[in-house]
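In: Next input, structure requested:
(one chain, ligands or ions: 1)
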Amino acid sequence: MKNPLIIANWKMKLAPQEAIDLAKKVKKASTKYKGAEVVLCPSFTELAEVGKIIDATGLKLGAQDCFWEEQGAFTGEISPKILQEYGVETVIIGHSERRTSLLETSQMIHKKARLVLSLGMRPVVCVGESFDERQEGLKDSIIIRQVHDALNGIWLNKMDSLVVAYEPIWVIGSGQDCDPEEIEHTHQVIRQALYDLFTEQVVDEQVKIIYGGSVDPENVSNYLSHATVHGVLIGTASWDATTFSAVVAGAIKP
Ligand code: PGA
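Out: Presented below is the predicted three-dimensional model:
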């Protein structure tokens, strides 16, 4: 894949100083990241510091979530408008950990995606099936429904860009590889679901479909060798600068 998108999801894994140290190390290594678009998503509390560290490098700043209103009495929530002021361009939305632990609904995810786009930012809408859903043969229908629920009725303007991340829930954090043929199939299913909502031209030019779930330095080039996979969303392998740089190297390998 030419210029793959690589999103580092630091989750709630790092203490403030650890996040700062990691950002500094990633910055140092980033001279070797040419040929990839790399986005770091620290916790909200580290956005300002990490943003300063990576300023004027090719690295971009992302967030792990946001609220669906721009402003108001919403205790504890973070507006994408505020994130934007910190330099955030990309926002992960509807991660399965939030769908499960915080009972985020498809309606919430839809409202978040809509607001993020309306502010000229890029949502990364996460979709994926559980192990049981897969065993019951429901995978494709679940994925189609998640894509439709998140994006139905949303209009993409010419300058907008959108990312859909396919993350099988049973692979996240497991260290397991996913069969690249299966990923390719699911990416085709996602593309077809997107064609229900947007024109082919919009999907082909403005939407990236990426893969996440135990991506590591060994499996990344295999996943990205499929033309339907435009990038990767990385958890575990992004929490150590050496491992993360090895993933980036594997992703940009000719
Ligand atoms: P993982 O996490 O790389 O640790 O599987 C991916 C994710 O949750 O986005």
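
In: tell me which residues in the stretch of helix or strand Gln84 belongs to are buried?
Out: According to DSSP states H and E, Gln84 maps onto helix 80-85. Taking 16 or more other C-beta atoms under 10 Å as the basis for neighbour counts, the residues of helix 80-85 that come out buried are Pro80, Lys81, Ile82, Leu83, Gln84. Just so you know, the C-beta spots here come from the backbone N, C-alpha and C atoms, and that holds for glycine as well.

In: Could you do stretch 63-74 as well?
Out: With burial defined by 16+ other C-beta under 10 Å, the residues of stretch 63-74 counted as buried are Ala63, Gln64, Asp65, Cys66, Phe67, Trp68.

In: Tell me the spacing between Ile210 and Ser43.
Out: Here the distance between Ile210 and Ser43 works out to 21 Å (C-beta to C-beta, to the nearest Å).

In: Just want to know which of the two has more residues nearby.
Out: Between Ile210 and Ser43, counting by other C-beta atoms under 10 Å, Ile210 is the more crowded of the two (26 against 17).

In: Let's see the pLDDT reported for the more buried one.
Out: Among the per-residue scores, Ile210 shows a pLDDT of 98.

In: Doesn't it belong to a strand?
Out: Yes - with DSSP: H, G, I helix; E, B strand; the rest coil as the criterion, Ile210 is part of a strand.

In: these two touch, right, it and Ile234?
Out: No - applying C-beta atoms under 8 Å, one finds Ile210 not in contact with Ile234, separated by 9.9 Å.

In: so what sits against both of those two?
Out: When C-beta atoms under 8 Å, 6 or more residues apart in numbering defines a contact, the residues bordering Ile210 and Ile234 alike are Ile7.

In: count of residues packed around Ala193?
Out: Here the number of neighbours of Ala193 (other C-beta under 10 Å) works out to 22.

In: now swap in Gly94 and tell me
Out: 27.

In: Just read off the phi/psi values of it.
Out: Backbone torsions of Gly94, given as degrees, to the nearest 10, read phi 70, psi 30.

In: Could you do Arg122 as well?
Out: With angles defined as degrees, to the nearest 10, Arg122 sits at phi -110, psi 110.

In: Tell me, how many residues neighbour it?
Out: Taking other C-beta under 10 Å as the neighbour definition, Arg122 ends up with a count of 21.

In: now do Leu5
Out: Using other C-beta under 10 Å, Leu5 is surrounded by 24 other residues.

In: nearest residue to it other than its sequence neighbours?
Out: Leaving aside its chain neighbours, Leu5 sits nearest to Gly231 (3.1 Å; criterion: C-beta to C-beta, 6 or more residues apart in numbering).

In: Out of the buried residues of helix 80-85, the closest to Val116 would be?
Out: Of all the buried residues of helix 80-85, Val116 sits closest to Pro80, with 5.1 Å by C-beta to C-beta.

In: if I look at the closest one, how far off is Glu181?
Out: Pro80 sits 36 Å away from Glu181, going by C-beta to C-beta.

In: and stretch 125-142, anywhere near the ligand?
Out: No - among the residues of stretch 125-142, none lie within reach of the ligand under C-beta under 6 Å from any ligand atom; the closest is 7.2 Å away.
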